[in-house]
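Student: From the sequence below, what's the structure:
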Amino acid sequence: MHPARLSRSHLFAAVTAIVSAVALAACAPAPAGGTTPAGGATSAAAAGAPGDITSLCPPEPTKVVYIKSAGGQVWAAISNAEFQAEAAKCPTVEASWYNGTTGQQAAIAATNAAVAQGAKVVVISPDFGPSQLPSMRKAMQAGVKVVSTVNDVTGQKGTDYVESVVWDTDAIARNQATWLAENVGNGKVAFLGGQPGAPSTEKTFTAFAAALKQYAPGIQLVPDTWVPTNWDASQKRRAVAGLIAQNGQYAAFVSDYGASDIGAVQAIVDAGATMPAFLNIGSSQGFVCAVAQHRIAWLGQDGTTQMSAASLRVGLAALAGKQSAEPVPFVLSVYADTAAGKVPTCDPSISPDADLSSSLPVDTLKAVLNGG
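Tutor: Next comes the predicted model:
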């Protein structure tokens, strides 16, 4: 069992059908937190409040584009729906997206195409790392406000992008390591990540490894680096089967895309092993139901799909010459903590792909994922 692969045309149709309704719905702001407002001291007067796009709507027709190019296709669909819904709150904004799976050059081409088509704001998840920086820099030189999101490519702010909106890896890792120390104590843990070299996985893992040494010395990281799985359930199933065969029982698995952890759960079941704890971000109803079925100890931090909307607000603020009020880094909320009795409900009527930590209504998620 793994998240469905959704075609771009399918998603466009679903989002087009729902975006007007979503624009009227209350859309929760990004989780509070972070150390500074986006834009920093170099920007002009502050704009509105976090989560409020109304003061940022441009006075003239404006094209904005969201580019996501590798892994986590269900996550990308929901993230785009959040982007589209946020853009629909501004009558002058025309939003589109590129959801590519054909590699690095296609992602670069999509950025160049957005510039050629007159986009004024481009939100990019640079899944292929520094290789995408030249195209982002070129877009900035053309006057486009580029916002890097999710993946931290360690480019130069003001030159390669106006802001990098990434999740707060230190806070995530501290919560995970503390939870492991308090609720697991000792044993082996493995970190399951995205495609080889994925910047978001690399940064999240590095923070986790450091926090583990500080807060959970009884937990052993095996292997001592992260395991590539392309954020795919079937690949996680194979990877975890191999880890168990090689290293024996695990006390916990940590990942940066919980929706595909259902594959890891299945590998545990296949091996007849004791079910370990799971700590992840980016969950789904499928994983929620797996937790209920197998009585899994779980810490889930989430709200990641809301980062596209926050990034759009950052970009529009930059376009208006204002300092965005959005907090950077983006702080995730605790979505699930079985040790504290905070457990999302497994609802079989909802698609297993749906991430209910999204700010979108359940009916909207159903439309995005099922076309209903």
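Student: What separation is there between Asp127 and Gly187?
Tutor: Counting by C-beta to C-beta, to the nearest Å, the separation of Asp127 from Gly187 is 32 Å. For every residue, glycine as well, the C-beta is placed using N, CA and C.
Student: quick one: which of these two has more around it?
Tutor: Neighbours were counted for Asp127 and for Gly187 using other C-beta atoms under 10 Å; Asp127 has more, 27 against 16.
Student: I'd guessed Ala181 sits against Gly218; true?
Tutor: Yes - shown here, Ala181 and Gly218 form a contact pair, counting by C-beta atoms under 8 Å, at 7.0 Å.
Student: phi, psi of Ile281?
Tutor: Ile281 adopts backbone torsions of phi -130, psi 160, taken as degrees, to the nearest 10.
Student: Could you tell me the backbone phi and psi angles at the residue nearest to it when sequence neighbours are not counted?
Tutor: Distances taken as C-beta to C-beta, 6 or more residues apart in numbering put Gln301 closest to Ile281, at 5.0 Å, once the chain neighbours are dropped. Gln301 adopts backbone torsions of phi -110, psi 130, taken as degrees, to the nearest 10.
Student: what pLDDT does Gln301 get?
Tutor: We have a pLDDT of 97 for Gln301.
Student: And Ser9, by the same measure?
Tutor: The model reports Ser9 with a pLDDT of 37.
Student: Please apply the same query to Asp355.
Tutor: On the pLDDT scale, Asp355 gets 88.
Student: Next up, the contacts around it.
Tutor: The contact partners of Asp355, by C-beta atoms under 8 Å, 6 or more residues apart in numbering, come to 74-75, 78, 259, 282-285, 302, 305, 365.
Student: how about it, secondary structure?
Tutor: Asp355 carries the three-state label coil when classified by DSSP: H, G, I helix; E, B strand; the rest coil.
Student: need the helices for this protein, in chain order.
Tutor: Listed in chain order, the helices of the chain (DSSP state H) span 8-24, 73-87, 104-116, 133-141, 169-183, 199-215, 233-247, 261-271, 285-294, 307-319, 362-370.
Student: Buried residues in the last one, which are they?
Tutor: Going by neighbour count (16 or more other C-beta atoms under 10 Å), the buried part of helix 362-370 is 364-369.
Student: Verify the contact between the residue nearest to Ile281 and Val334 for me.
Tutor: Yes - here Gln301 reaches Val334: they are 5.8 Å apart, a contact under C-beta under 8 Å.
Student: if you count what's nearby, which of those two comes out ahead?
Tutor: Gln301 (27 against 16).
Student: who touches the more buried one in this structure?
Tutor: Applying C-beta under 8 Å, 6+ apart to Gln301 gives the contacts 172, 175-176, 280-281, 332-335.
Student: Can you give me the distance of it to Lys366?
Tutor: Distance, Gln301 to Lys366, using C-beta to C-beta: 24 Å.
Student: before we move on, what about Ser55?
Tutor: For Ser55, the distance to Lys366 equals 32 Å [C-beta to C-beta].
Student: where in the stretch 251-372 of the chain is pLDDT low?
Tutor: Scanning the stretch 251-372 of the chain for pLDDT under 70 picks out the ranges 371-372.
Student: Domain map for the protein?
Tutor: Annotated domains of the chain cover 8-166+304-331+355-370, 169-302 [automatic domain parsing].
Student: Find the centremost residue of the chain, please.
Tutor: Nearest residue to the geometric centre of the chain (C-alpha atoms, centre = their mean): Thr304, 3.9 Å.
Student: Which residues are in contact with that residue?
Tutor: Residues counted as contacts of Thr304 (C-beta under 8 Å, 6+ apart) are 75, 79, 150, 167, 281-282, 332, 357.
Student: 6 Å instead?
Tutor: 281-282 (C-beta atoms under 6 Å, 6 or more residues apart in numbering).
Student: before we move on, back to that, so Ala181 and Gly218 - more neighbours on which side?
Tutor: More crowded of Ala181 and Gly218, by other C-beta under 10 Å: Ala181, with 18 against 12.
Student: Ala241 and Tyr98, how far apart?
Tutor: 34 Å.
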